[in-house]
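Visitor: Okay, here's the prediction I keep looking at, along with the sequence it came from:
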There are 2 protein chains.
Amino acid sequence: MEKLKKTGMKQTPQRLAIMHHLEGNKCHPSAEDIYKSISPKFPSMSFATVYNTLENLKDHGLIKELTIESGKKRFDPDTSDHHHLICVKCKKIVDLPQEIQLQQKALTTAGVIKGFRILSTQINIYGLCPECTKTSS
Amino acid sequence: MEKLKKTGMKQTPQRLAIMHHLEGNKCHPSAEDIYKSISPKFPSMSFATVYNTLENLKDHGLIKELTIESGKKRFDPDTSDHHHLICVKCKKIVDLPQEIQLQQKALTTAGVIKGFRILSTQINIYGLCPECTKTSS
DNA sequence: ATATTTAAATAGAATAATTACGATTTTATA
DNA sequence: TATAAAATCGTAATTATTCTATTTAAATAT
């Protein structure tokens, strides 16, 4: 948990609470989710603090920002190389097994063809989760 | 162009203008981009009409909505199966060659493991475009 | 332990993108 | 040309996020 120290970030109660909430969290919460779940303990905490903290954690590589639904940022404490399944009905987001990847050849091709310096890749697979598949006739 | 008829959507001047603007457009424009480029010809056109139209076109499968930067929707008239390279510096979005795809095996695995019914896949590759690679020391 | 420095937190306003809504107008069709 | 359904307009409301000025607290040096 005290990865904060390594990054040189100050250890504040709000930050610790936010990190603690994220740690091991598989729900890919939004800023609002985080705010709601933490503000009872920190009634004075501002929304701006949540955004600031998330931005800082992201800049220091402790979390990832997901771009899954336009209109809302989501955050993932799992910084390992993995991707996501999104249920278009219930909006649930679950991790994909790590073996789901782009063909390496393809990526290289992209690099060569476009002259792009690739920094990261995000794969979103949209569909219906098992539960929603059942309930949608 | 008159794909509209097939969908049963009414042919209004605003819609035709929006469709015409999108046709063959490789810029992946946002609602605002579209509004700005069309409003000179339709000074009375409302922003709501742009959103309504884009939503309708999407529902009828004539365009795709891209989820690339959180906070802003972008639209793509190319509904074929393809993905995108995004320059994190200048925000340019370019199409990836179609051969960039997920391993089929991987997708099947996802379907089996998670019981998901897969509807669509979006791959975003983030990086620096050739120009921005040069100018960032 | 205390003072100093500096980064972080706060509140609130501002902005941006999108959605909602009721009144009016237009389109397609009979 | 009358009619009904759908689209448009203008505005208000909402949602997510960012900004700014000020206060507060953490880390560090004394």
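Guide: Great, that's in hand. Numbers count the residues shown, from 1 in each chain, chains lettered A, B, ... in the order given.

Visitor: Low-confidence ranges, chain A, go.
Guide: A:1-2, A:99-107, A:110-114, A:136-137 (pLDDT under 70).

Visitor: all strands of it, in order?
Guide: Along chain A, counting by DSSP state E, strands occupy A:64-69, A:72-76, A:84-87, A:93-95, A:117-128.

Visitor: The last one: which residues count as buried?
Guide: When burial is assessed from 16 or more other Cβ atoms under 10 Å in any protein chain shown, strand A:117-128 yields the following buried residues: A:Thr121, A:Gln122, A:Ile123, A:Asn124, A:Ile125, A:Tyr126, A:Gly127, A:Leu128. (Each C-beta comes from the backbone N, C-alpha and C, glycine too.)

Visitor: ok, now the second one?
Guide: When neighbours are counted by 16+ other Cβ under 10 Å, the buried residues of strand A:72-76 are found to be A:Lys73, A:Arg74, A:Phe75, A:Asp76.

Visitor: just to revisit the earlier point, output the strands of chain A as TSV; include the columns distance to A:Phe47.
Guide: Shown next, in TSV, are the strands of chain A (distance: least, Cβ to Cβ, whole Å):
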stretch	distance to A:Phe47
strand A:64-69	17
strand A:72-76	13
strand A:84-87	25
strand A:93-95	22
strand A:117-128	26
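
Visitor: Nearest approach to DNA strand D belongs to which of those?
Guide: Taking Cβ to the nearest atom of the strand, strand A:72-76 is the member of the strands of chain A nearest to DNA strand D, at 3.2 Å.

Visitor: And chain A, what are its domain boundaries?
Guide: As given by automatic domain parsing, the domain ranges for chain A are A:1-79, A:80-137.

Visitor: Mind checking those for the one nearest to DNA strand D?
Guide: Closest among the domains of chain A, using Cβ to the nearest atom of the strand: domain A:1-79, at 3.2 Å.

Visitor: Next up, the contacts around the closest residue to A:Pro77 other than its chain neighbours.
Guide: Leaving aside its chain neighbours, A:Pro77 sits nearest to A:Leu22 (4.1 Å; criterion: Cβ to Cβ, 6 or more residues apart in numbering or on different chains). For A:Leu22, the contact set (Cβ atoms under 8 Å, 6 or more residues apart in numbering or on different chains) comprises A:Pro29, A:Ile34, A:Leu57, A:Ile63, A:Phe75, A:Pro77.

Visitor: The nearest residue to the fourth one once chain neighbours are set aside: how many residues sit nearby?
Guide: Going back to what we said before, that points to A:Ile63. Distances taken as Cβ to Cβ, 6+ apart place A:Leu57 nearest to A:Ile63, at 4.6 Å, with adjacent residues excluded. Taking other Cβ atoms under 10 Å in any protein chain shown as the criterion, the count of residues near A:Leu57 is 24.
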